[in-house]
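Participant: 3D, please:
(2 chains)
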Amino acid sequence: MSGRDLLSIADLGREGIVDVLKLADSFAEVSEREIPKVPALRGKTVATVFFESSTRTRLSFETAAKRLSADTMTFTAATSSLSKGESLRDTVETLDAMGVDAMIVRHACAGAPKQVARWVRAAVVNAGDGQHEHPTQALLDCFTLREALASRAGVEPADDLSGVRIAIVGDVAHSRVARSCVLAYGALGASVTLVGPPTLLPATTAGWGVEVSNDLDEVLAEVDVVYLLRLQSERLEESLIPSLGEYSERYGLTRDRARRLRPELLVMHPGPMIRGVEIDDEVADSPRCLVTRQVRNGVAVRMAVLFRLLTLGDRKASDDGQERRSA
Amino acid sequence: MDPDDVRRALVRIAHEVLERNHGAGDVVVVGLQSGGVALAERLVQLLADIDGAEVPCGKLDVAFYRDDISIRPVSPEEVTRIPVDLTGRVVVLVDDVLFTGRTVRAALDALGDHGRARAVQLAVMIDRGHRELPIRPDFVGKNLPTRRDELVDVSEAGVAIGDMVERLAERDVAPVDLEDGR
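Facilitator: Predicted coordinates:
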C-alpha cells in the first residue's frame, strides 16, 4: 500500500501483497493468544460504512479494529439519514468530520470507494464495490492458501504461490471476489483457470493472464485448489443459467463429483456458501474445505491492512495530505 | 569486545541468572527481536551446559507495543513465539543493546499479554546509557559509554561502535528516523 487507501489489489502489487501476508503472520499469532489484543492503533477510529449487506466482512473488520485497540463506528445505510435523502458525499464527509481515521466502504456501485477516497481525509478500504473488487477477501484467500500449503508440506509459509494451480468456478462475470483473486493469485505466481458456463464468464479475459474453461471435470483433474463462487439466485431470473439443478450438476461440487476428487485437492469459498447449489454438505464439512480457516484468517489479514494503512502509509493528518485531497 | 569477550560475558550472565534464581527451575528466556534472539538462544544453551536445565526460549517482537508507532514506520521483523504461559514464571528478557529503554518498556507490556510473570529480569550485552525511562538491567555484559549519535553493533564478530550516519547509510536507512531510539 504505497498510498493511504486500499481500493484494488493493483494498489499493492506483488511486494505489497507479500508485505501484508507477512504482517498478517504476526497478527495471526496475536489472535491465538489468551488476550488477542495489541495497543497498536490506540486512539484511532475505524468506521465501517456499508451501503450493502454483509455478515462476515463487516464483523471481521470490526474485530480486527478492536484487536488493534482502535475505536469502531458502524454506519448502516438502512438506519441512516440516507433514507431521508442525504447524499453519499454528505454522508461520508459527515463521518470524516467526526475524525475517523479509516473508512471501510462497501457499495453496490463499482468505483464508489474510490470516489469516497477523493472526498475524505480518512484512509479508505474497499470492502466490495459492485462487480469491481473485494481486495481484502483476495488477501485473506492468499494467506489461507499459503498457510494450508505450508502446513501440509510441514514448512514455513512461502512468500508466493508459484506453481500452484487454482480454478475459480462459477459466476466469474459478476464476481468482485473473482476479480481481486485473479489479480492477487496472478501477482503471487499462481496459474488461474476460470470455469463456468459461457454466460457467467467475462466477455473477454484479455490481459487477465488466465485460462478459461467450460468443463469443470476436466479442470478438476489438473488443479490444486478449487475456488467456488456463490451463485447469485437473481442470475436465474436473468436467464443466464437454465436452472439451479442443471448449474449444480455441471459446475457445483456435488456429492458425486466430490467422491472423485483427488485427496489433496483443496476447496475454498468466499462465503456465503449456498449449500446444495455450488457446494454439497459433504464437501463443505470436509477437512479439504478451508472456509472456516478463511474466515479466521480474515481477521488477522484485516488487522494487517489496517495497521499498514494507519501507521505505515502517508501521514493522513499532515497538511500535505490535506492539500493533495483538495487539489 | 571481541567474540571471546562476548562469550565470556554471556557465561558470566548465565551463572548470575542461576545464582539469582537459585537454579533455572521457573526461568523462561525471551530474546528481543532482532538482536536479542541469538543471544537468548546462546544463554539457554549455556544454562543447559552449566546446570543441566532445560529452559524454554522464546522470541518477542514489540512492534505493536512501541510508543513511536505513529511517528515513524514500525513493522515487526518476525513473528513472536512465546512457548509457555508466563504466569508464575521468571522471565529473563534478553537484548543486545540497552539504550533509551523504550524497547524494554514496550516488551514489558507485550509480555503481560502472555501471562502474569512472577518476575521479569533484564539481561543485556551492552548498556550504553542515555536512558529515557526508569529502566535498569539486572545482568550486563559491559557498560559502554557512548555518544547519543553513535551506533552500537553486537554481532557474531563481537561489539563495535560506529558512526551512526555512516552505518545507516550502509543499511540504507534515513538517519533522522533513528534519532530517538534504536
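Participant: got the residues of chain B near chain A?
Facilitator: For chain B, the residues in contact with chain A (C-beta under 8 Å from any C-beta of the partner chain) are B:61, B:63-65, B:69-70, B:73-76, B:78-81, B:109-110, B:113-115. The C-beta positions use only the backbone N, C-alpha and C, and glycine is treated the same way.
Participant: can you give me the helices in the chain?
Facilitator: By default, I'm working from chain A. For chain A, the helices defined by DSSP state H occupy A:13-32, A:56-67, A:88-97, A:112-119, A:135-153, A:176-187, A:216-220, A:234-237, A:244-251, A:255-260, A:281-284, A:291-307, A:319-326.
Participant: you looked at the wrong chain, it should be chain B
Facilitator: Counting by DSSP H, one finds helices in chain B at the ranges B:3-20, B:35-51, B:102-112, B:164-171.
Participant: To A:Glu156, which of these lies closest?
Facilitator: Among these, helix B:35-51 comes nearest to A:Glu156, with 15.8 Å by C-beta to C-beta.
Participant: Count the residues that sit near whichever residue of chain B sits closest to chain A.
Facilitator: Closest to chain A within chain B is B:Phe64: 3.8 Å, counting by C-beta to the nearest C-beta. Counted with other C-beta atoms under 10 Å in any protein chain shown, residues neighbouring B:Phe64 total 27.
Participant: now the one 3 residues further on
Facilitator: Summarising burial for B:Asp67: neighbours were counted as other C-beta under 10 Å, giving 14.
Participant: same deal with B:Arg118?
Facilitator: 12.
Participant: likewise A:Ser151?
Facilitator: By other C-beta under 10 Å, the residues close to A:Ser151 number 12.
Participant: And for A:Gly209?
Facilitator: 13.
Participant: hang on, isn't it packed against A:Leu194?
Facilitator: No - with contact defined as C-beta atoms under 8 Å, A:Gly209 does not count as touching A:Leu194 (11.0 Å).
Participant: For the residue of chain B closest to chain A, give me its contacts.
Facilitator: Contact analysis of B:Phe64 by C-beta atoms under 8 Å, 6 or more residues apart in numbering or on different chains lists A:26, A:30, A:38-40, A:68, A:307, B:76, B:110.
Participant: again with A:Phe75
Facilitator: A:47-50, A:91, A:95.
Participant: switch to 7 Å and redo it
Facilitator: Residues counted as contacts of A:Phe75 (C-beta atoms under 7 Å, 6 or more residues apart in numbering or on different chains) are A:47-50, A:95.
Participant: For B:Thr87, find the nearest of the helices of chain A.
Facilitator: Nearest of the helices of chain A to B:Thr87, taken as C-beta to C-beta: helix A:13-32 at 16.5 Å.
Participant: That closest one - contacts with which helices or strands?
Facilitator: If contacts are counted by 3 or more C-beta pairs under 7 Å, 6 or more residues apart in numbering or on different chains; DSSP states H and E, helix A:13-32 sits against helix A:135-153, helix A:176-187, helix A:291-307.
Participant: Check which residues of that helix are buried.
Facilitator: A:16-31 (16 or more other C-beta atoms under 10 Å in any protein chain shown).
Participant: got it, and stretch A:65-85?
Facilitator: Under the neighbour-count criterion of 16+ other C-beta under 10 Å, stretch A:65-85 has A:65-68, A:70, A:72, A:75, A:77, A:82 buried.
Participant: Could you check how many residues crowd around residue 134?
Facilitator: This is for chain A. The tally of other residues near A:His134 (other C-beta under 10 Å) stands at 25.
Participant: Let me rephrase: I mean chain B.
Facilitator: The burial count for B:Pro134: 7, using other C-beta under 10 Å.
Participant: and what of B:Asn21?
Facilitator: B:Asn21 has 15 neighbouring residues, counting by other C-beta under 10 Å.
Participant: Isn't it up against B:Val27?
Facilitator: Yes - using C-beta atoms under 7 Å, B:Asn21 is in contact with B:Val27, at 5.7 Å.
Participant: how many neighbours does A:Ala221 have?
Facilitator: Neighbours around A:Ala221, by other C-beta under 10 Å: 12.
Participant: Let me know the distance separating the closest residue to it other than its chain neighbours from A:Glu147.
Facilitator: Leaving aside its chain neighbours, A:Ala221 sits nearest to A:Arg262 (7.8 Å; criterion: C-beta to C-beta, 6 or more residues apart in numbering or on different chains). Note on A:Arg262: its distance to A:Glu147, by C-beta to C-beta, to the nearest Å, is 20 Å.
Participant: hmm, back to that, could the helices and strands packed on helix A:13-32 be laid out in a markdown table, adding distance to A:Ile104?
Facilitator: Listed next are the helices and strands packed on helix A:13-32 as a markdown table, based on distance: least, C-beta to C-beta, whole Å:
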| stretch | distance to A:Ile104 |
| --- | --- |
| helix A:135-153 | 9 |
| helix A:176-187 | 15 |
| helix A:291-307 | 9 |
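Participant: Redo the ones you listed as CSV? Include mean pLDDT and distance to chain B.
Facilitator: CSV is the format used below for the helices and strands packed on helix A:13-32 (pLDDT from 0 to 100; distance: least, C-beta to the nearest C-beta, whole Å):
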stretch, mean pLDDT, distance to chain B
helix A:135-153, 95, 12
helix A:176-187, 96, 20
helix A:291-307, 96, 8
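Participant: Closest one to A:Gln131 out of the buried residues of stretch A:65-85, please.
Facilitator: Nearest to A:Gln131, judged by C-beta to C-beta, of those is A:Ala77 at 18.6 Å.
Participant: Enumerate every residue touching the closest one.
Facilitator: A:50-51.
Participant: 8 Å instead, please
Facilitator: A:50-52, A:83.
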